[in-house]
Each structure stands twice: as structure tokens, then as C-alpha cells.
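In: just need the structure, nothing else, for what follows:
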Amino acid sequence: MTTELSPSEASSFAKDGALRLRAALDASDLDRLERAIAGLPREQAGIRLRGLPALASFLVSPGPVWRVAAAVLGAAARPVRAILFDKTARTNWGLLWHQDRTIVVTDRVEVDGFGPWTVKSGLLHVAPPFDLLAAMVTLRVHLDAVPDGNAPLLIAPGSHRFGQIPERELTSVVQQCGTAVCLAEAGDIWLYATPSFMRRKPPTFRPIDVFFRLILPPAICPGPDVVRRVTTSRLRSGGACCDSPGVARAFCESS
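Out: Numbers count the residues shown, from 1 in each chain. Here you go, the predicted structure:
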């Protein structure tokens, strides 16, 4: 069972590339999430999550985070990366306007359109063709309230429809789109089109970013030039891609 967006919510997400889903997680969900991450180190602002079985019930069907992604991508949505941002006065940073442009994979396979390659926290990352990123959604799961005075995330509504933009031109696109402030209460989930332009100031709150992508079964895999991927907020988890030769496969650690 997936979460269903109303016609107005679906229209708003298509137009702006961002949608706030209030109280998507209830008090019981938040308590379980807190316990799932309780053993993680508190001196790191960003932790790429893996090997945490307690998180799987949130990220895969019929979990509450998965249901939000599936409302856009359908039941074949799978999580492929999750990052916990535990931002405090001691562990904090900001980011200028940017687009998320990399994915996590299990193996390095030289395929046209994929690159450059990097390693972050021991995980292999690659910049894929933009069409792959455009087919993804990012979910930000809020464990804490983010009022206006706590440096909420800024987005440029509609920027996801401009394609991949060189960094030197991002500010110009933001001026065309304008900006919106992503306030939140604990338990809210913000749903984003992954290519949306974002800006982060140094706040003190804890979101989980989860990335989701549509995963097709091997029988209809389109071939070695496509990677099927999903992203999620603050949790890192993944669904396997097609196993066709030459395809970079999405990292899978949801159990």
C-alpha cells in the first residue's frame, strides 16, 4: 500500500519539485527511528548509513518512508542511499546552491556517461547521466522541528525542470525561479525531485535524507546504459539494479 498524493499535491510537486507531507511519521515511528540511530557517533555531521537492519522497516515496502517515495515512483521504488545529518553547533556546515549529482554503486564498471568516480566514507560514488538523476526522488525525514530561525533548507521551486546546469549558472537559474523555505515539524517528510537546486545554511537539527529510484525487474531491464536507483534522507540503504553485464549496480544494504 502506497501513500496517495491528492491531485493538488501531485500538481504542486510536478511544478515545484518539492512537497511537504506533514506528520508523515507519528510519535511511535519517531521513537523507533531514534532508537535505530541511538548507537551512531554524535561527532559527525553527516553519516552515510548502512548495515542498520532497524531502518529497513522504514525504507522498504510497506514502511512509512517507502510509501512516500512510492507515491511518485510506484511500487517498484527502492532506496539506494541514506544519510544522517546530525547537525549541532560543533558539527555543522553550510552549502551554496547546488544539485545532487552522484549515486552510490557496488562496483566500478567503465560505462559511457558515468563519471567522474569518487570514494566517500568507503563507498563508491559516480556521477551518472542526468536522465538517471531526473528519475529519482529525495526524501528528507525530520526528527526535529525546523523553524524559520534554525536555518531551514532553501530550494528554487521548479529548478528540477532546467536539467543539469553548470555551477557558474546556478545563481542565474535561482533568480528566475525564486526561493522557498522548507520549514518542518518533527515527523514531517519533505519530498524533492533529486535535481532540484538546494542551499543549506548551518543549522542545528537532525534530518535523514533518503534517495529512491525506480527499480525495474531484470526481464525488462533496458540495458547497460541505465542504472535504476532510489535515494532517501539521512538513511543509506539500497536496492539492487539490473544485473546485466556492464551496468553499474546500485548499492543494496537495506537488511
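In: please, where are all the helices along the stretch 1-150 of the chain?
Out: Assigned by DSSP state H, counting those that start in this stretch, the helices in the stretch 1-150 of the chain fall at 7-16, 27-36, 53-59, 64-73, 130-134.
In: point out where the stretch 1-150 of the chain drops to low pLDDT.
Out: 1-2, 42-46, 86-94 (pLDDT under 70).
In: all strands of it, in order?
Out: Listed in chain order, the strands of the stretch 1-150 of the chain (DSSP state E, counting those that start in this stretch) span 18-21, 46-48, 77-85, 95-98, 103-105, 117-120, 123-126, 136-142.
In: out of these, nearest to Val174?
Out: For the strands of the stretch 1-150 of the chain, the distance to Val174 is smallest for strand 95-98, at 5.6 Å, taking CB to CB. The C-beta positions use only the backbone N, C-alpha and C, and glycine is treated the same way.
In: measure Asp16 to Ser172 for me?
Out: 19 Å (CB to CB, to the nearest Å).
In: please apply the same query to Val210.
Out: Distance of Val210 to Ser172, given as CB to CB: 30 Å.
In: picking up where we left off before, which of Asp16 and Ser172 has more neighbours?
Out: It is Asp16, of Asp16 and Ser172, that has more neighbours when counted by other CB atoms under 10 Å, with 20 against 10.
In: check contacts around the more buried one.
Out: By CB atoms under 8 Å, 6 or more residues apart in numbering, the contact set of Asp16 is 155, 157-158, 180.
In: of the helices of the stretch 1-150 of the chain, flag the one that's most buried.
Out: Ranked by mean neighbour count under mean count of other CB atoms under 10 Å, those are led by helix 64-73, which reaches a mean of 24.
In: burial measure for Thr102, as a count.
Out: When neighbours are counted by other CB under 10 Å, Thr102 registers 16.
In: give me the nearest residue to it, chain neighbours excluded.
Out: If you skip the residues right next to it in sequence, Thr102 has His125 as its closest partner in space, 4.4 Å away by CB to CB, 6 or more residues apart in numbering.
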